[in-house]
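# Provided below are the primary sequence and the corresponding predicted coordinates.
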Amino acid sequence: MTSSAAVNREGAYPVRPYVDFYRQEEISPVAQDISDLDRHFQRRQALYRHLGISPGLVAGKSIIEFGPGSGHNALYTTSLNPFRYVLVDGNPLALERSHALLDQYKVGDLPHQFVQSQIEDFYTDERFDMVLCEGVLSWQIDPVGLLRKVAALTKPGGLVVITCMDNVGFFAECLRRVLATTILKPGGTTAQDVATLLPVFGPQLDTLPGMSRSYEDWILDNIIFPYHGRAFSIGAAIEALDPDFDAFGTSPQFLVDDRWYKNIHGSDLQYNQRAMSLYRQSLHNHMNGRLNFSPRSEESNLKLLFDCDAVFELEELFRENRSKETLSEIMERSTEIRDQVRTFSPSTAAALDEFIDLIGAEPKAQSPDFKRFGEWFGQGQQYLSFIRTSGSTFTK
C-alpha cells in the first residue's frame, strides 16, 4: 500500500546497506520479544522518557517512521493514539510483518499507511510532528544525507528521533567480528555461518540483561551483516543538523544543563555546543554498557575514538584478506586501546587482555573459551532526539 504522495525511484547507490542484504537473504532480523507486551511497552516508555517524549506529546499527532522493521516499536507508539502514522521501509518483508503485527494486536484505533521505499527515494509534501528513524543511519553510505532527508519532514517545533553509534560503543562487537572471521570457513552459506557462530556467541549473549532479540537475528545483524558505510555518532548527527535542530534528549542520558534558565537566551543558548561537549566527555562510557564512569577530557576520548575507528577499518580489511599481518595490526592497535581503557576501567581492560591473549597472531579453528570477554558488550546504540527550531530554514 503505497502513498500517492511518495514517488519511488531507482536506488541512488550501487550498494544499499541493510536492504540489499535483507532482501537477498529474505530476512528481517529485527523482531523483538513481545511475549510480555507490558514489559515491551514499559521499555519503550522508559526510552521515550529519556528522550523527553511524554504520551501527551504523541496523542493526536502525525508520525512517520523510517525502517520500522517488523513493527514492534510501532506497536507502542500506536498505543499512544497519534492521529496519523506512516511507515516507510525498503524491505517488503519488513512491511508485511509490520502490517501483520499491527493488525494482530489492534492497539489503538488508527489506520496505518505503509510505503515501500528507500529513504533517498521517498518524497512527500507532508510535514510531521514526529519523525522516527531507529537503527537505520549507521553503516549507510551517506548517513548525513539520509538524516537531513528525514529531518526535513519535521514540522517546526516537532521532534526527530534517531539512533547513533560510534566505534567506541561498537568496539566489543567489532572484535567479535574479528573472532568470527577466524572461525568461519570461506564460502559457507549464511545459514551455515549462523549455525557455526551460534554456540560461540550464544553463551555470551546469555550474560546480556534485557536481550530482546533472537540470537540468530543478533548474529545476522551484528556479525554477518556486511558493513559498507561507517558508524554515525551523536557528534556527527549534531553537526549535520545544527543550527536548525537542537539536541533535546538522549538515551542513555548524559545531557545535563545546570545553567539558570534566565541566563539562557540570545547567543548563550548553545544547546548543540553543550551537547557536543558533553558527548565527547562521556564517550568512553560507550565502551562498556554495564558500567558508568566519571567524565574524561574531550582530547582523551577523541584519541580513544580515533583508535577504535582504526580497528574497525582493519576488521573490514581482515574480513577480506584473512591475513596474519592484518590480524597482528588489529592486536597491536587493540593493545594501545587496552592501555587507554585501563585508566578508567580495569575490568574492561582485563576483558580486552583476554581477547588479545587468546586470539594472538594466529587465526583459530575453534572459538577460544572466553570468560571476561564473553560478558563484555559495548553500549552499541544511543538514542538522540532533536527539536526543529521555529525559525528553521532547513530543507534537506
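Nice, I can see it.

# from here on, contacts and neighbour counts on C-alpha atoms
Will do.

# In the protein, which strand is the longest?
strand 154-164 (DSSP state E).

# partners of it, with directions?
strand 128-133 (parallel), strand 382-388 (antiparallel) (DSSP bridges).

# And the next helix or strand past it?
Using DSSP states H and E, the helix or strand that follows strand 154-164 towards the C-terminus is helix 171-183.

# Let me know the next secondary structure element after that next one.
Criterion used, DSSP H and E; the element after helix 171-183 is helix 190-206.

# Next, the angle from that following helix to helix 171-183.
Going by axes from the mean of the first three to the mean of the last three C-alpha atoms, to 10 degrees, helix 190-206 is angled at 140 degrees with respect to helix 171-183.

# ok, residues contacting helix 190-206?
With contact meaning C-alpha atoms under 8 Å, 6 or more residues apart in numbering, helix 190-206 is reached by 180, 184, 211, 215-216, 219-220, 224, 367, 374-375.

# buried set for the helix or strand of the chain with the lowest mean pLDDT?
When the helices and strands of the chain are compared on mean pLDDT, DSSP states H and E, helix 19-25 comes out lowest with a mean of 83. For helix 19-25, burial by neighbour count (16 or more other C-alpha atoms under 10 Å) applies to 19, 21-22.

# could you point out which element follows it?
helix 37-50.

# so what secondary structure elements neighbour that next one?
Contact analysis of helix 37-50 by 3 or more C-alpha pairs under 8 Å, 6 or more residues apart in numbering; DSSP states H and E lists helix 72-79, strand 245-251 as its packing neighbours.

# wait, which of those is closest to residue 158?
Checking the helices and strands packed on helix 37-50 against residue 158 by C-alpha to C-alpha gives strand 245-251 as the closest, at 9.6 Å.

# now the closest one: how far from the chain's centre is it?
In this view, strand 245-251 has its centroid 15 Å away from the chain centroid, taken as C-alpha atoms, centre = their mean, to the nearest Å.

# which regions of the stretch 51-200 of the chain lie under the pLDDT threshold?
Low-confidence segments of the stretch 51-200 of the chain (pLDDT under 70): 108.

# What of the stretch 251-396 of the chain?
Counting by pLDDT under 70, the stretch 251-396 of the chain has low-confidence residues at 360-368, 390-396.

# hmm, 80 instead?
360-369, 390-396 (pLDDT under 80).

# what about the helices in it?
Assigned by DSSP state H, counting those that start in this stretch, the helices in the stretch 251-396 of the chain fall at 271-282, 298-321, 324-341, 346-359.

# just checking, what packs against the longest one?
I take that to be helix 298-321. Using 3+ C-alpha pairs under 8 Å, 6+ apart: helix 298-321 touches helix 171-183, helix 271-282, helix 324-341.

# any chance of the ones you listed in a markdown table, with mean neighbour count too?
Below are the helices and strands packed on helix 298-321 laid out as a markdown table (neighbours: other C-alpha atoms under 10 Å):
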| stretch | mean neighbour count |
| --- | --- |
| helix 171-183 | 22 |
| helix 271-282 | 19 |
| helix 324-341 | 18 |
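
# so who does residue 94 touch?
By C-alpha under 8 Å, 6+ apart, residue 94 lies in contact with 28, 68-71.

# distance of the closest residue to residue 309 other than its chain neighbours from residue 312?
Nearest residue to residue 309 in three dimensions, chain neighbours excluded: residue 167, at 5.7 Å (C-alpha to C-alpha, 6 or more residues apart in numbering). Computed as C-alpha to C-alpha, to the nearest Å, the residue 167 to residue 312 distance reads 7 Å.

# Using JSON lines, lay out the helices of the stretch 251-396 of the chain together with distance to residue 263.
Formatted as JSON lines, these follow (distance: least, C-alpha to C-alpha, whole Å):
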{"stretch": "helix 271-282", "distance to residue 263": "13"}
{"stretch": "helix 298-321", "distance to residue 263": "25"}
{"stretch": "helix 324-341", "distance to residue 263": "37"}
{"stretch": "helix 346-359", "distance to residue 263": "40"}
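
# Out of those helices, the one nearest residue 132 is which?
The nearest among those, by C-alpha to C-alpha, is helix 271-282 at 19.9 Å.

# Many thanks, I have nothing further to ask.
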